[in-house]
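Engineer: Sequence plus predicted model, see below.
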Amino acid sequence: MNLQRIASLPIHQLLILIIGSMASICALSGIGYWLVVHNSESYLYMATSLTVSLFAWGIYGIQSAIPPDNAYTKLLSPVIIFVVVVVTTLYNPLSLQHMWIALAFYPILLSLLVNFKMYVYGCAIFLLYFVFYYAFGPSNVAMGDESPVIVATTKAVYTLGSIILGGVILAALDQHRKRVEAQAFQRQKQQVINLLQCFIPVGERKTQTSRKEIGEMSALLKSLVQAYDSGMTVQNWEIDLLSLLHFISRVKLPDYMFEKEGKLSEFEFEVVQEHCYMAKELCEGIPDFAEVENAFLYHHEKVDGTGYPYRLAGDQIPLLSQMLGLVEVFLALTTPRSYRPAMSQREAYAEIQKLAGQSFRTDLVEAFGKVID
């Protein structure tokens, strides 16, 4: 097993591997010690080290055999380590006077293996055992000249300190995980944006429009979200990405359809519906893009249930989808085409008002009126 493969192991396997390796080193030194001295102490040290080593390597083999997505895989290590700690501290084969210190390290190890909820449960069990061990364990048989109060206080402070340190480690690991996830998402988002931006010139050529429409749609959507004041949480980057997606989605349509004046054929209408799936094709399976994916997928649905692609109605349609659809109609009406001149903003809004209660929510149409005033 090379170092790169070891470094890539999950933490629960890595800890068992470290314990097994340390126990194996102790076992080898114990065998050498027993061969030289050949007394009961050396034999006990050798036997204990070998037992722990074989036990750890056996657990490591079980971990390797269990599928990594199994719910019990990550719980196996903390349970096994706790059992080893309990047996070692109670049995204390080497008769060490301060075996309780080894027990105090358990919360720190636990913090590397489980989530916060399991850490709380694990620490509760640990504290119960620690009280039992302090009250009835072998460490209290002979305290010499040490004051019982000082001994109890020292153990309590070390134990609570270990639990607190474990909690700090757990919080630090959680913060690190969130930073890594945020960085990965930023890279992923930028990759999607870069990919879409490559198609902007194609969209301009096919539709004979300017990329300025992307910024105009984004600005109108942001103003509409603010004017509607529904408490919806939409981030600016989501609106920017929706606007970019909307412009680029046109590359999926044949060129002649942008100049056609009459009604679309049944086949052409099916082709038009395909552009709604572009966000789903690009963003499916990425949780942070779910809002964008859904908003774009349903932006041609109508409140009366006559839209596409799923003929949703009323509140079944996401609010952001309705907003995108409304702004799309507004920009289409205020942009000149080869077969008609552009409407003024007031004329376009008058047309949109006719669609209130049919294509768009009435309150949304009213909010949009405030945007263009």
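Structural biologist: Sure thing, it's come through. Residues are numbered from 1 along each chain as shown.
Engineer: Next, count neighbours for Ser64.
Structural biologist: 12 (other Cβ atoms under 10 Å). C-betas here are computed from N, CA, C, even on glycine.
Engineer: What is the neighbour count of the nearest residue to it once chain neighbours are set aside?
Structural biologist: Nearest residue to Ser64, sequence neighbours excluded (Cβ to Cβ, 6 or more residues apart in numbering): Gln13, at 7.2 Å. Using other Cβ under 10 Å, Gln13 is surrounded by 19 other residues.
Engineer: so which helix or strand takes in Gln13?
Structural biologist: Using DSSP states H and E, Gln13 maps to helix 11-37.
Engineer: Identify each buried residue in that helix, please.
Structural biologist: Neighbour-count burial for helix 11-37 flags 12-17, 19-20, 23-24, 26-27, 30, 33-34 (criterion: 16 or more other Cβ atoms under 10 Å).
Engineer: Going by distance to Ala342, which of those wins?
Structural biologist: In terms of Cβ to Cβ, no member of the buried residues of helix 11-37 lies closer to Ala342 than His12, at 63.9 Å.
Engineer: got a pLDDT number for the closest one?
Structural biologist: Listed pLDDT for His12 reads 67.
Engineer: Check Ser29 too.
Structural biologist: Looking at Ser29, the pLDDT reads 88.
Engineer: and it, what does it touch?
Structural biologist: With contact set as Cβ atoms under 8 Å, 6 or more residues apart in numbering, Ser29 has these partners: Ser49.
Engineer: Next one: it from Phe82, what distance?
Structural biologist: According to Cβ to Cβ, to the nearest Å, Ser29 stands 26 Å off from Phe82.
Engineer: And Gly20, by the same measure?
Structural biologist: 16 Å.
Engineer: cool, His299 as well?
Structural biologist: Taking Cβ to Cβ, one finds His299 at 54 Å from Phe82.
Engineer: for Ser249, same thing?
Structural biologist: For Ser249 relative to Phe82 (Cβ to Cβ), the value is 56 Å.
Engineer: With adjacent residues omitted, what lies nearest to Leu9?
Structural biologist: Leu17 (6.7 Å).
Engineer: hang on, that neighbour packs against Ser8?
Structural biologist: No: contact between Leu17 and Ser8 fails when scored by Cβ atoms under 8 Å: they sit 12.0 Å apart.
Engineer: which residue is nearest the centroid of this structure?
Structural biologist: What sits nearest the mean C-alpha location of the chain, by Cα atoms, centre = their mean, is Glu181, with 6.4 Å.
Engineer: That residue is in what secondary structure piece?
Structural biologist: helix 148-197.
Engineer: ok, of the buried residues of helix 11-37, which one's closest to Ala219?
Structural biologist: Distances from Ala219 to the buried residues of helix 11-37, taken by Cβ to Cβ, are shortest for His12, at 50.0 Å.
Engineer: now the angle between helix 11-37 and the helix holding Glu181, please.
Structural biologist: Between helix 148-197 and helix 11-37, the angle comes out at 130 degrees (axes from the mean of the first three to the mean of the last three Cα atoms, to 10 degrees).
Engineer: Next SSE downstream of helix 148-197?
Structural biologist: Using DSSP H and E, the helix or strand that follows helix 148-197 towards the C-terminus is helix 200-207.
Engineer: so what secondary structure elements neighbour the following helix or strand past that following helix?
Structural biologist: Counting by DSSP H and E, the next helix or strand C-terminal to helix 200-207 is helix 212-228. With contacts taken as 3 or more Cβ pairs under 8 Å, 6 or more residues apart in numbering; DSSP states H and E, helix 212-228 sits against helix 236-248, helix 319-333, helix 362-372.
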